[in-house]
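*Asks:* just coords:
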């Protein structure tokens, strides 16, 4: 079992790594959603042709759909679900100001007075301070 370091940044480092992995997994799942629908269609194609297809009552030799109508319905449902998650209609770019522009009446005016601070003598040092120089001198 790996031991965590004693500093508090180690905890946040693991949290950021875990959240990054989670976001990556969610993005990958959304990316492969159409492939999952297609795979499910091909696995259950015979059942879809018998029970759900719009041409299920037509003679086998005259069928042209073979269940692809249900596949297109599922793709349309997946597409409408993805557009419902991001409401583009509600997002507006507002370039004009939100408040009316005009003569603005000042609410509070305070008189400007000069502020007098006490005089404190500053200690001015000249020269250089000794710094620790770790370079060996020989």
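*Replies:* Now that the structure is in, tell me what you want to look at. Computed from a predicted model, the values in this text were never measured in an experiment.
*Asks:* what's the domain layout of this protein?
*Replies:* Annotated domains of the chain cover 1-31, 32-88 [automatic domain parsing].
*Asks:* got those as a markdown table, with mean neighbour count and mean pLDDT columns?
*Replies:* Every residue, glycine included, has its C-beta placed from N, CA and C. Shown next, in a markdown table, are those (neighbours: other CB atoms under 10 Å; pLDDT from 0 to 100):
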| stretch | mean neighbour count | mean pLDDT |
| --- | --- | --- |
| domain 1-31 | 9 | 78 |
| domain 32-88 | 12 | 83 |
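*Asks:* and residue 113, which of the ones you listed is closest to it?
*Replies:* domain 1-31 (47.9 Å; CB to CB).
*Asks:* off-centre distance for that closest one?
*Replies:* Centroid displacement of domain 1-31 relative to its chain, using CA atoms, centre = their mean, to the nearest Å, is 16 Å.
*Asks:* just stretch 16-36 next, same as before
*Replies:* Distance of stretch 16-36 from the chain centroid (CA atoms, centre = their mean) equals 12 Å.
*Asks:* that older thread, for residue 111, which of the domains of the chain is the nearest?
*Replies:* The nearest among the domains of the chain, by CB to CB, is domain 1-31 at 49.7 Å.
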